[in-house]
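*Asks:* The following block contains a protein sequence and its predicted model.
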Amino acid sequence: MEKSTNQGFLEKTFHLSEHHTDVKTELIAGITTFMTMAYILAVNPNILSATGMDRGAVFTATALASLVATLLMAAFANYPFVLAPGMGLNAYFAYTVVLQMGYSWEMALAAVFVEGLIFIVLSLTNVREAIFNAIPMNLKHAVSAGIGLFIAFIGLQNAKIVVDSATLVSVYSFKGSLKAGTFTSEGITVLLALIGILVTAVLLVKNIKGNILWGILITWALGIICEFTGLYQPNPELGMFSVLPDFSSGLGVPSMSSTLFKMDFSGILSLNFLTIMFAFLFVDMFDTLGTLIGVASKADMLDKEGKLPKIRGALLADAIGTSLGAVFGTSTTTTFVESASGVAEGGRTGLTAVVAAALFGLSLFLSPIFLAIPSFATAPALIVVGFLMVTSILKVDFNDYTEAIPCYICLIAMPFMYSISEGIAMGIISYVIINLISGHAKGKKISTLMYVLALFFIAKYVLI
């Protein structure tokens, strides 16, 4: 009786049947999304600690910002999108703003806080929603496919299947690792990641429920077996750590006192402060829009006009999450592209987000377990989800070159320029210019906002 009552409450709250999903599916989707992005709990403190920030405080701030922002996404929009401090934005925060430009991390937090406030205003005044709706449908499909290639590339890098080389990138050399004596510390993890990709693919083909999550867990379990048997030997110098949870320091929530409310607004009126703030603003805006377009498109959440219902709530959750994250002591909080892994599992409502948020809360007390999930175990999930997202390119009209070429440019720009926002910029610029010069712009009724965005992006490349 209690079970049916709970299910009735969840149905009424999240409208599960209306979105063709159920509690079990949403639960698996939430766990899967969390597992694919749990790395941020380890990576974000490592990056921000380079500025002098306390690692433990940043860990707690990261988990709390993710928890609150994701719950806001569920409450405001009922979408299966999960938020956390964004990769790329945290590197810009630490290595560019603080270490290269010489600003204190307290001032950088102030810039993030102000950026979030501006986003709140823009979200309430329809500016961000208007930008989302102005992008043509074909270009939205291309954004989804481009993100697929982008996260697949991230997965290949995380697993070290793809490495830096004289030719920019190349495949990992097993022969080289055997000669260098690094196979048991590095080469074996690359092999495990390759096995993980095949395992996840087979589970996907066989339509096993929770295939992506099972792929992560099986790959992690293989890593644990390899460590116990000596096939895998952790080497921190190579970035290879133990895959076994470390409970030596016990369980507890690290104090956030050293970063909480530590924003410095003393330079808020300076030109440099405004430059930094707008840099955060730009990257966050178009990364978020790109992620919403890509993941929503893949989940068939867009309506016939290519609009995302309740987008204002989603953008508002993202904006409030950014400002709250700065208050807690972390860099820009944004909608994570890894949300696509939960969507691929069938997640369609805010229940997926609530489950992921709950796990972020749990991670505060069980950090040794979540911090032990290795990148070679989550990389196969990103690569397989990348495949699922790339299929969106089939929806692009390739018979119309004025549509297909800008979509192609958008598609390749994301992985090659290593940025969702750059891919959107290139796609919009090329779409407007090609249609304008070829004489197709008038017939397609390209919105005024598209012209404004194209000019804005061109100005960005010329002036910045």
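*Replies:* Sure, I can see it.

*Asks:* Would you check that residue 354 makes contact with residue 74?
*Replies:* Yes. Using CB atoms under 8 Å, residue 354 is in contact with residue 74, at 5.0 Å. C-betas here are computed from N, CA, C, even on glycine.

*Asks:* Of the two, which one has the most company?
*Replies:* residue 74 (26 against 23; other CB atoms under 10 Å).

*Asks:* Could you list the low-pLDDT ranges of this structure?
*Replies:* 1-7, 88, 464 (pLDDT under 70).

*Asks:* Which residue ranges make up the domains of it?
*Replies:* For the chain, the structural domains run 18-246+258-390, 397-464, going by automatic domain parsing.

*Asks:* now these in JSON lines, with distance to residue 12?
*Replies:* Listed next are the domains of the chain as JSON lines, based on distance: least, CB to CB, whole Å:
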{"stretch": "domain 18-246+258-390", "distance to residue 12": "11"}
{"stretch": "domain 397-464", "distance to residue 12": "35"}
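
*Asks:* Pick the most buried one from the ones you listed.
*Replies:* domain 18-246+258-390 (a mean of 21; mean count of other CB atoms under 10 Å).

*Asks:* Report the contact partners of the closest residue to residue 350 other than its chain neighbours.
*Replies:* Of all residues not flanking residue 350 in the chain, residue 74 sits nearest, at 3.1 Å (CB to CB, 6 or more residues apart in numbering). Residue 74 sits next to 14, 350, 351, 353, 354, 357 when contact means CB atoms under 8 Å, 6 or more residues apart in numbering.

*Asks:* and if you look at residue 110?
*Replies:* 263, 264, 265, 268, 273, 326.

*Asks:* so what's the second one closest to, chain neighbours aside?
*Replies:* To tie it back to what came earlier, the one meant is residue 264. In space, residue 264 is closest to residue 106, 3.7 Å off (CB to CB, 6+ apart).

*Asks:* Hmm, that neighbour is touching residue 262, no?
*Replies:* Yes. Residue 106 lies in contact with residue 262 (CB under 8 Å); the separation is 5.1 Å.

*Asks:* Narrow the contacts of residue 74 to those in helices?
*Replies:* Here DSSP state H is the test, and the contacts of residue 74 give 14, 350, 351, 353, 354, 357 as lying in helices.

*Asks:* returning to that earlier point: and residue 8, which of the domains of the chain is closest to it?
*Replies:* Checking the domains of the chain against residue 8 by CB to CB gives domain 18-246+258-390 as the closest, at 10.7 Å.

*Asks:* Can you get me the start-to-end distance on the closest one?
*Replies:* End-to-end span of domain 18-246+258-390 (CA to CA, to the nearest Å): 27 Å.

*Asks:* Then stretch 202-217?
*Replies:* 15 Å.

*Asks:* What lies in contact with that stretch?
*Replies:* Contacts of stretch 202-217 (CB under 8 Å, 6+ apart): 24-25, 28, 31-32, 35-36, 196, 199-200, 341, 344-345, 373, 377-378, 380-381, 384-385.

*Asks:* contacting residues around residue 275?
*Replies:* Going by CB under 8 Å, 6+ apart, the list of residues near residue 275 is empty.

*Asks:* Confirm it sits in a helix?
*Replies:* Yes. With DSSP: H, G, I helix; E, B strand; the rest coil as the criterion, residue 275 is located in a helix.

*Asks:* quick one: it and residue 48, what's the gap?
*Replies:* Distance of residue 275 to residue 48, given as CB to CB, to the nearest Å: 21 Å.

*Asks:* how about the residue most central in space within the chain, what does it touch?
*Replies:* The residue lying closest to the centre of the chain (CA atoms, centre = their mean) is residue 336, at 2.7 Å. Going by CB under 8 Å, 6+ apart, residue 336 touches 33, 37, 40, 81, 82, 83, 84, 86, 291.

*Asks:* okay but the first one is in contact with residue 338, surely?
*Replies:* Translated: residue 33. Yes. Residue 33 lies in contact with residue 338 (CB under 8 Å); the separation is 6.2 Å.

*Asks:* any idea how far residue 185 is from the nearest residue to residue 334 once chain neighbours are set aside?
*Replies:* Leaving aside its sequence neighbours, residue 334 sits nearest to residue 86 (CB to CB, 6+ apart; 4.0 Å). Distance, residue 86 to residue 185, by CB to CB: 30 Å.

*Asks:* Which of the helices or strands spans the nearest residue in space to residue 146 that is not next to it in sequence?
*Replies:* Ranked by CB to CB, 6+ apart and with sequence neighbours excluded, the top spatial neighbour of residue 146 is residue 414, at 3.8 Å. Using DSSP states H and E, residue 414 falls within helix 401-417.

*Asks:* quick one: contacts of stretch 297-306?
*Replies:* 79-80, 133, 135-137, 140-141, 143-144, 296, 308-309, 340, 343-344, 348, 388-389, 392.

*Asks:* about what we covered before: which strands and helices lie in contact with the helix holding residue 414?
*Replies:* helix 137-158, helix 420-437 (3 or more CB pairs under 8 Å, 6 or more residues apart in numbering; DSSP states H and E).

*Asks:* mind running it again at 10 Å?
*Replies:* Using 3 or more CB pairs under 10 Å, 6 or more residues apart in numbering; DSSP states H and E, the elements in contact with helix 401-417 are helix 137-158, helix 271-298, helix 420-437, helix 441-444.

*Asks:* any idea of the angle that helix forms with helix 271-298?
*Replies:* Going by axes from the mean of the first three to the mean of the last three CA atoms, to 10 degrees, helix 401-417 is angled at 120 degrees with respect to helix 271-298.

*Asks:* all strands of the protein, in order?
*Replies:* With DSSP state E as the criterion, the chain has strands at 83-85, 162-165, 168-171, 333-335.

*Asks:* close enough to count as contact, residue 32 and residue 381?
*Replies:* Yes. The pair residue 32 / residue 381 is scored as a contact, 7.4 Å apart, by CB atoms under 10 Å.

*Asks:* Between those two, which contacts overlap?
*Replies:* Counting by CB atoms under 10 Å, 6 or more residues apart in numbering, the contacts common to residue 32 and residue 381 are 211, 212, 213, 214, 215, 216, 338, 341, 344.

*Asks:* now for those residues, which pair is the farthest apart?
*Replies:* 214 and 338 (16.7 Å).

*Asks:* Grab the nearest non-local neighbour of residue 268.
*Replies:* residue 110 is the one closest to residue 268 (CB to CB, 6+ apart), at 6.6 Å.

*Asks:* typo on my end, it should be residue 431
*Replies:* Leaving out its chain neighbours, residue 431 is closest to residue 406 (CB to CB, 6+ apart), at 3.8 Å.
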